[in-house]
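Undergrad: sharing a model prediction with you, sequence too.
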Amino acid sequence: MEAFWCACLLLPKGVIRTIEKACRQFLWGSESQCRMIFFSWKKKVCRKRSQGGFDIREILSWNKTLLLRFFLKYYTHSPSLWIAWSKEYVFKNLSCWDLDADTCISPIWQKILHIRDEFADRVGSRAAAQALFLSWSASGVLPLQDVYKIFHGFHPELRWVKPLLDNIVVPKHAVIATLAAHQALATVDNLCKRGLVLVNRCSLCCADAESVRHLFFQCPFSRDLLQQVLVWQGVTRGVLSLKHELYKLALCRGTKWRRKVACCALAATIYYIWQERNRRVFDGGHLGVGKLLAMIKYDVCVRMYSCSNGVVVSQLLSM
């Protein structure tokens, strides 16, 4: 889809919505489960991982980026039969910047010229767009990633995401930790905002109202679990909030393997806290702090063994 049809024509909005719906259901589950996700597809999911997203391309912006290659081909006088026909019958030997999109007789070129005008607006002016195409015409290659950023928008890098980008972190742990950091999990307070739940009570401590901030790590149960995870790593400080824990890991200057263990352990702790919450809400079962701690240790040791030698694992087991 993204390699062929997006490069041939501007996809109808209905087709794009259908594709994005299928992608959301693949990522989150059924349509009813998708409604429980408080995470914007275009504004969050389609951002780079270093920007707090999942690095999935936004289809419309990518579609426009690929179609601009036709404009560059015309601009560089590419030896193509279609380009030669376009010069003769569509542009009538006009400059590719002079023809108005609304007066163009070709439907495909009309859409490409509208994309040209949008590109010029996004870079500031038509003169700036002309300067960019002039610099690209030397190689005849459109820098797809740069143009995609222009259409999709520029977003700052988030420092707290850095610990979750480490290859040591289990992917499903990283996903849940990212959603938690964005306060996008389907906690009771988020569900109450949509009128889906009437009673707001934390299922872990049964004392305070449930929210992402409470679960990570104001709740006595989750705070006790993370405290034991920190003690296992040889850390003696107290437990901080989720964002502060991530920031502290991003600024950590310890040895390489200790940083990896800390990143993997924090993501696993967030994942198992959320899993325990769902176990109590939906299954009626529960596991204690000791059992969850053993599961976290096991996951960390397995990941460290797969990404390093057995010396690190033996050190972890001796802690």
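TA: Cool, got the structure.
Undergrad: from residue 127, how far out is residue 67?
TA: Distance, residue 67 to residue 127, using C-beta to C-beta, to the nearest Å: 22 Å. Just so you know, the C-beta spots here come from the backbone N, C-alpha and C atoms, and that holds for glycine as well.
Undergrad: so for those two, which sits in the more crowded spot?
TA: residue 67 (21 against 11; other C-beta atoms under 10 Å).
Undergrad: and the host helix or strand of the more buried one, what does it pack against?
TA: Using DSSP states H and E, residue 67 maps to helix 59-75. On a contact count with 3 or more C-beta pairs under 8 Å, 6 or more residues apart in numbering; DSSP states H and E, helix 59-75 meets helix 13-28, helix 107-123, helix 126-137, helix 144-152.
Undergrad: can you list those in JSON lines and add distance to residue 199 and mean pLDDT?
TA: Shown next, in JSON lines, are the helices and strands packed on helix 59-75 (distance: least, C-beta to C-beta, whole Å; pLDDT from 0 to 100):
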{"stretch": "helix 13-28", "distance to residue 199": "25", "mean pLDDT": "87"}
{"stretch": "helix 107-123", "distance to residue 199": "47", "mean pLDDT": "93"}
{"stretch": "helix 126-137", "distance to residue 199": "56", "mean pLDDT": "91"}
{"stretch": "helix 144-152", "distance to residue 199": "41", "mean pLDDT": "93"}
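Undergrad: only C-alpha atoms, please: export stretch 207-222 in CSV.
TA: Below are the C-alpha coordinates for stretch 207-222, written out as CSV (Å, rounded to 0.1, in the frame of the first residue of the first chain):
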residue,chain,number,x,y,z
ALA,A,207,-8.6,3.3,49.2
ASP,A,208,-8.1,6.1,46.7
ALA,A,209,-9.5,7.0,43.3
GLU,A,210,-7.8,5.2,40.4
SER,A,211,-5.8,7.2,37.9
VAL,A,212,-2.5,6.7,36.1
ARG,A,213,-0.8,9.0,38.5
HIS,A,214,-2.1,7.0,41.4
LEU,A,215,-1.2,3.7,40.0
PHE,A,216,2.3,4.8,39.1
PHE,A,217,3.4,5.2,41.9
GLN,A,218,1.2,6.8,44.6
CYS,A,219,-0.7,3.6,45.3
PRO,A,220,0.9,1.8,48.3
PHE,A,221,0.9,-1.5,46.5
SER,A,222,2.7,-0.3,43.4
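Undergrad: could you pull out the buried residues of it?
TA: 210, 211, 212, 213, 214, 215, 216, 217, 218, 219, 221, 222 (16 or more other C-beta atoms under 10 Å).
Undergrad: again, but for stretch 113-122
TA: Buried residues in stretch 113-122 (16+ other C-beta under 10 Å): 113, 114, 115, 116, 118, 119, 120.
Undergrad: what is the nearest of these to residue 166?
TA: residue 119 (36.1 Å; C-beta to C-beta).
Undergrad: which of the helices and strands packed on helix 59-75 sits closest to residue 90?
TA: helix 107-123 (5.4 Å).
Undergrad: after the helix or strand harbouring residue 231, next one along is what?
TA: For residue 231, the element it lies in under DSSP H and E is helix 220-232. Later in the chain than helix 220-232, the nearest helix or strand by DSSP H and E is helix 242-250.
Undergrad: got the contact list for the host helix or strand of residue 84?
TA: Per DSSP H and E: residue 84 is located in helix 81-85. Outside helix 81-85, the residues that touch it by C-beta atoms under 8 Å, 6 or more residues apart in numbering are 73, 74, 77.
Undergrad: may I see the ChimeraX selection of the buried members of these?
TA: Buried members of those, defined by 16+ other C-beta under 10 Å, are picked up in ChimeraX with:
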select :73,74
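Undergrad: now residue 296, nearest residue through space, not along the chain?
TA: Closest residue in space to residue 296, ignoring its immediate chain neighbours: residue 268 at 4.6 Å, by C-beta to C-beta, 6 or more residues apart in numbering.
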